[in-house]
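Chemist: A structural model of the following input is requested.
(2 chains)
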2 protein chains.
Amino acid sequence: MAAKVITIESNILKKNDSIAGENRELFRKYRILAVNLLSSPGSGKTSLLVRTCGVLKKKLRVSVSVGDLQTAADAERIAGAGVPVVQINTGTACHLDANMVQQSLKSLPLEQTDILFIENVGNLVCPATFDVGEQLKVVLLSVAEGEEKPLKYPPIFQNADCVCINKTDLLPHVDFNLNQCRDNLKRICPHAPVFEFSCRTGEGLGAWHDWLLGKWSALAGVEC
Amino acid sequence: MAAKVITIESNILKKNDSIAGENRELFRKYRILAVNLLSSPGSGKTSLLVRTCGVLKKKLRVSVSVGDLQTAADAERIAGAGVPVVQINTGTACHLDANMVQQSLKSLPLEQTDILFIENVGNLVCPATFDVGEQLKVVLLSVAEGEEKPLKYPPIFQNADCVCINKTDLLPHVDFNLNQCRDNLKRICPHAPVFEFSCRTGEGLGAWHDWLLGKWSALAGVEC
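Modeler: Below you'll find the model as predicted:
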């Protein structure tokens, strides 16, 4: 059974990579920085995007594509930040694939987009396998989840371009060892910068915003 | 591509269901109540098992099989509660399947087990699809995750025999609407009893323990 699964997965991934390549070409054409945002359910992806879109839209044109099994709740929250957003409902699928993202792009103003956030389905395993054409993978972890998560779910962290630790306002109320988490991240993804913040209070978000602006400037070849 | 996936999934699930049937037969033979524990990463499955095993082992013989992509951290924590435990490392697999559980049973004292907890991989999507032969599916949700999760991830909640809301000690510090969560659960899984507790403080765990003891008594046909 295992061998059969691997073969099929390899076919699925080959097809996915081909569509991801088309997405990447589209992002290149329109000079869009595409950021794939990954985390467990409830780590705060949507809260982070509401905050981030609100700040970044003063300097850049931001669009969002957001995936969930069901409901349009996340898209409605993000729309409140005043940016174009499309909700993808995956039904029972546990991740976004390149084709789902490609379909969603048809409803977004690509010519008026500098940075596209792709909020993946809440899942710390499966989305790691599916390239959707993004330039950056960002993994979000909340202090309510536990400092050992990078060790227990290494694939998603190993491919991260940066890791965000959210809900730092809860640190006095949970048994989360922040230093141990930093050490675990150094062990699993030493290349990835780590940002620590609270989307609830807004504290610490500045460095994350600056990093994104820097990445966009590097891509676009201009200061912003 | 979608059709191909569905076909293969159907083959995989057919094989899985056959092995799950063997597991179920084994549980019946040894009069074991098998409980499949499901949640996002970091909802507190392991903390719950440490607490629950510590209490239940005074009345019943408890064993645990625990799945993670990597590390034996969870098994080590649960072993501290003084019960037999086996760690399954799934590598990159996002869920436990019936075969993984069957392999783990070879290392557990089935003849001396009344209740077996199967702690699944932290994932609110994929484990819902895979029967491992359990009698009960328990879904755990933490108040750090958000009250809308049952609406956004319905399949796993729809099949739950009970839902546990953990980390209630954090309620004063998070924007979690407990009444809305109860309403959402009533809408998605009206059949499932809901237990609310804090594994950190221990508050509220009594009703959950009583429910488990009641389920075991019903299975075994004796009071405990």
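
Chemist: Look up how far chain B lies from the residue most central in space within chain A.
Modeler: The centroid of chain A falls nearest to residue A:37 when counting by Cα atoms, centre = their mean (0.6 Å). Here residue A:37 is placed at a distance of 16 Å from chain B (Cβ to the nearest Cβ, to the nearest Å). No exception for glycine: its C-beta is placed from N, CA and C like everyone else's.

Chemist: Dump stretch A:20-29 to PDB, restricted to CA.
Modeler: In PDB, the C-alpha atoms belonging to stretch A:20-29 read as follows (Å, rounded to 0.1, in the frame of the first residue of the first chain):
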ATOM      1  CA  ALA A  20       2.800  26.100  -9.400                       C
ATOM      2  CA  GLY A  21       5.300  27.000 -12.200                       C
ATOM      3  CA  GLU A  22       2.500  28.800 -14.100                       C
ATOM      4  CA  ASN A  23       1.600  30.700 -10.900                       C
ATOM      5  CA  ARG A  24       5.200  31.700 -10.400                       C
ATOM      6  CA  GLU A  25       5.400  33.000 -13.900                       C
ATOM      7  CA  LEU A  26       2.300  35.000 -13.400                       C
ATOM      8  CA  PHE A  27       3.800  36.500 -10.100                       C
ATOM      9  CA  ARG A  28       7.000  37.300 -12.000                       C
ATOM     10  CA  LYS A  29       5.100  39.000 -14.800                       C
END
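
Chemist: buried ones in the helix ranked longest in chain A?
Modeler: Looking across chain A with DSSP state H, the single longest helix is helix A:2-29. Across helix A:2-29, burial judged by 16 or more other Cβ atoms under 10 Å in any protein chain shown covers A:8, A:12-13, A:16, A:19-20, A:23-24, A:26-27.

Chemist: circling back to that earlier point, what sits opposite the residue nearest to the centre of chain A in the beta ladder?
Modeler: Here residue A:37 sits in beta bridges with residue A:119, residue A:138, going by DSSP bridges.

Chemist: mind listing the helices for chain A?
Modeler: Secondary structure of chain A by DSSP H: the helices cover A:2-29, A:45-56, A:73-79, A:98-105, A:149-152, A:154-158, A:178-188, A:205-220.

Chemist: Now distance to residue A:141 and mean pLDDT too, for those, in JSON lines please.
Modeler: Listed next are the helices of chain A as JSON lines, based on distance: least, Cβ to Cβ, whole Å; pLDDT from 0 to 100:
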{"stretch": "helix A:2-29", "distance to residue A:141": "25", "mean pLDDT": "81"}
{"stretch": "helix A:45-56", "distance to residue A:141": "11", "mean pLDDT": "98"}
{"stretch": "helix A:73-79", "distance to residue A:141": "18", "mean pLDDT": "96"}
{"stretch": "helix A:98-105", "distance to residue A:141": "23", "mean pLDDT": "97"}
{"stretch": "helix A:149-152", "distance to residue A:141": "6", "mean pLDDT": "97"}
{"stretch": "helix A:154-158", "distance to residue A:141": "9", "mean pLDDT": "97"}
{"stretch": "helix A:178-188", "distance to residue A:141": "8", "mean pLDDT": "98"}
{"stretch": "helix A:205-220", "distance to residue A:141": "13", "mean pLDDT": "97"}
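
Chemist: check whether stretch A:122-136 contacts chain B.
Modeler: Yes - between stretch A:122-136 and chain B, judged by Cβ under 8 Å from any Cβ of the partner chain, the touching residues are A:122-126, A:129.

Chemist: List just the nearest of the residues you listed to chain B.
Modeler: residue A:125 (3.8 Å; Cβ to the nearest Cβ).

Chemist: Does that closest one touch residue A:155 like I think?
Modeler: Yes - if you go by Cβ atoms under 8 Å, residue A:125 and residue A:155 touch, sitting 7.4 Å apart.

Chemist: Need the overlap of contacts for these two.
Modeler: B:69, B:92 (Cβ atoms under 8 Å, 6 or more residues apart in numbering or on different chains).

Chemist: Neighbour count for the two, which is higher?
Modeler: residue A:125 (25 against 16; other Cβ atoms under 10 Å in any protein chain shown).

Chemist: so what's the more buried one closest to, chain neighbours aside?
Modeler: residue B:94 (3.8 Å; Cβ to Cβ, 6 or more residues apart in numbering or on different chains).

Chemist: Contact partners for the one you found?
Modeler: The neighbours of residue B:94, taking Cβ under 8 Å, 6+ apart as the test, are A:94, A:123, A:125-126, B:121, B:123, B:125-127.

Chemist: returning to that earlier point: let me see the contact set for the residue nearest to the centre of chain A.
Modeler: When the contact criterion is Cβ under 8 Å, 6+ apart, the partners of residue A:37 are A:45, A:48-49, A:117-120, A:138, A:140.

Chemist: Would you mind giving those residues as JSON lines with neighbour count added?
Modeler: Below are the contacts of residue A:37 laid out as JSON lines (neighbours: other Cβ atoms under 10 Å in any protein chain shown):
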{"residue": "A:45", "neighbour count": "27"}
{"residue": "A:48", "neighbour count": "22"}
{"residue": "A:49", "neighbour count": "25"}
{"residue": "A:117", "neighbour count": "27"}
{"residue": "A:118", "neighbour count": "28"}
{"residue": "A:119", "neighbour count": "27"}
{"residue": "A:120", "neighbour count": "28"}
{"residue": "A:138", "neighbour count": "25"}
{"residue": "A:140", "neighbour count": "26"}
